[in-house]
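**Student:** Quick one, structure for this:
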Amino acid sequence: MMDGLSMPGMSRHLIVFMATLMPMMLFNAGCKIKERVDVYVVGYENGQNARVPTLWRNGKPLGLGYGSDRADARAVYVSGRDLHIAGIEGNSQVRAVARLWKNGGAQYLGSGERISYAFSVFASTGDVFVAGHEQSRQGNPVARLWRNGVAQSLGNENNESSALSVFVYGQDVFVAGYEKAPKKMGAAKLWKNGAGTYLSDGSRDASASSVYVSGSDVYVAGHEYTDEGPHVARLWKNGLLQSLDGANGWTAANSVFVSGDDVFVAGYERVSPGKTVARLWKNGEEQSLGGEGHGTVARSVFVFGDDVFVAGEGQTAEGKNSAILWKNGIAQRLGTESADSGANSVFVRRRQAFRMQPNIKR
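**Tutor:** Reported below is the predicted structural model:
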């Protein structure tokens, strides 16, 4: 007799159902289900008559412009539903002009009358910042920061300088690059809200390639030449040099990313004349990257959850450059083997739809 139940068969069904459900609930509680993400990589791919700035979204290529002999997409940043890409493309007057693509629609940043380059982009609270340089009337490149398309000079107009990376933290805007006075060596430099601080003493050529801010700590990656001749990868934390394992002769650090307590640096090492090998450092210790057979370079690193993404390029057996994306050390070729290509920047986020505008030739 089943007290309080008018249908005894139902209790048996309920017991069977709960016995089936409970292991599933326990399994799901103990397992972390990974989110679906979109992986954006930008670079270039050679077309029939020109080099075309290219976006790969989850491995699928999309040409951004009409191309020119120096065209290139150098950096990507996703904010909300907006996809921002910084790079260069020629016009009828000069071979390279700084350019910003927003959801596929393009605008020139430089004057269009003199050579200019855009190397990095960051979006924050509705503002879009682009770092690069523009040729002065004297012919030397001068570091520029564009905020919503309006240019700000960072370097002295008489010096050679360039802004290679921008990062916004709260109300502060950090820019990394270099500045070189006439007849002097280039020095790695960090600008905060327009005020510059040298990271190296200028006795040997040096450059800062990437900046990342985490809390009160400011990390800058780059390279510096030594008294012995070759340049070595550098990582500065709050202006102080940090050690990178194996960063001896002919190494360089191109990108830095901080995730929790871990600091990742991507770059390369020259192992023989004409051949480089992509390198990744985690907390100063060297990590291996696959696909090193014919020479590789790591240009950008991005961490999402437990996954580490690195963008760069390597040579095929035929001697052509090919864009590569590494995920946790496993290489995936993005470009075709029949045409040269390269990857400069990677950005990862939760999957979300975008409305891409048609390419506009200006």
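**Student:** need the contact list for Thr348.
**Tutor:** Actually, residue 348 is Val. It isn't Thr. Residues near Val348 by Cβ atoms under 8 Å, 6 or more residues apart in numbering: Val37, Asp38, Val39, Tyr40, Phe302, Phe304, Asp307, Phe309. C-beta coordinates here come from the backbone N, C-alpha and C atoms, glycine included.
**Student:** Now do the contacts for the second one.
**Tutor:** For Asp38, the contacting residues are Arg57, Asn58, Val78, Val348, Arg349, Arg350, Arg351, Gln352, by Cβ under 8 Å, 6+ apart.
**Student:** can you redo the residues you listed as a markdown table with distance to Asn321 and pLDDT?
**Tutor:** Output for the contacts of Asp38, formatted as a markdown table (distance: Cβ to Cβ, whole Å; pLDDT from 0 to 100):
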| residue | distance to Asn321 | pLDDT |
| --- | --- | --- |
| Arg57 | 21 | 96 |
| Asn58 | 22 | 96 |
| Val78 | 26 | 97 |
| Val348 | 23 | 98 |
| Arg349 | 27 | 95 |
| Arg350 | 31 | 90 |
| Arg351 | 30 | 86 |
| Gln352 | 31 | 74 |
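**Student:** Give me the buried subset of the residues you listed.
**Tutor:** Arg57, Val78, Val348, Arg349 (16 or more other Cβ atoms under 10 Å).
**Student:** Would you confirm that the first one contacts Tyr40?
**Tutor:** In other words, Arg57. Yes. The pair Arg57 / Tyr40 is scored as a contact, 5.7 Å apart, by Cβ atoms under 8 Å.
**Student:** Output the lowest mean pLDDT helix or strand found in the chain.
**Tutor:** Using mean pLDDT, DSSP states H and E, helix 8-30 stands out as the lowest-scoring helix or strand of the chain, at a mean of 39.
**Student:** Mind exporting the C-alpha coordinates of whatever helix or strand comes next after that helix to PDB?
**Tutor:** Counting by DSSP states H and E, the next helix or strand C-terminal to helix 8-30 is strand 37-46. Taking Å, rounded to 0.1, in the frame of the first residue of the first chain, the C-alpha atoms of strand 37-46 are listed here in PDB:
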ATOM      1  CA  VAL A  37      33.900  31.800 -28.800                       C
ATOM      2  CA  ASP A  38      34.800  33.800 -31.900                       C
ATOM      3  CA  VAL A  39      38.500  34.000 -32.800                       C
ATOM      4  CA  TYR A  40      39.500  37.100 -34.800                       C
ATOM      5  CA  VAL A  41      42.900  37.200 -36.600                       C
ATOM      6  CA  VAL A  42      44.000  40.100 -38.900                       C
ATOM      7  CA  GLY A  43      46.900  40.300 -41.300                       C
ATOM      8  CA  TYR A  44      47.300  40.200 -45.000                       C
ATOM      9  CA  GLU A  45      47.000  37.900 -48.000                       C
ATOM     10  CA  ASN A  46      48.400  38.400 -51.400                       C
END
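**Student:** Now strand 37-46: average pLDDT?
**Tutor:** The predicted model gives strand 37-46 an average pLDDT of 96.
**Student:** what's the answer for stretch 243-251, then?
**Tutor:** Averaging pLDDT along stretch 243-251 gives 79.
**Student:** Quick one: residues contacting the closest residue in space to Ser341 that isn't next to it in sequence.
**Tutor:** In this structure, Ser341 finds its nearest non-sequential neighbour in Gly335, 2.9 Å apart by Cβ to Cβ, 6 or more residues apart in numbering. Going by Cβ under 8 Å, 6+ apart, Gly335 touches Glu45, Glu313, Asn321, Ser322, Ala323, Ser341, Gly342.
**Student:** Show me which positions of stretch 95-111 end up buried.
**Tutor:** For stretch 95-111, the neighbour count (16+ other Cβ under 10 Å) marks Ala96, Val97, Ala98, Arg99, Leu100, Trp101, Gly104, Ala106, Tyr108, Leu109, Gly110 as buried.
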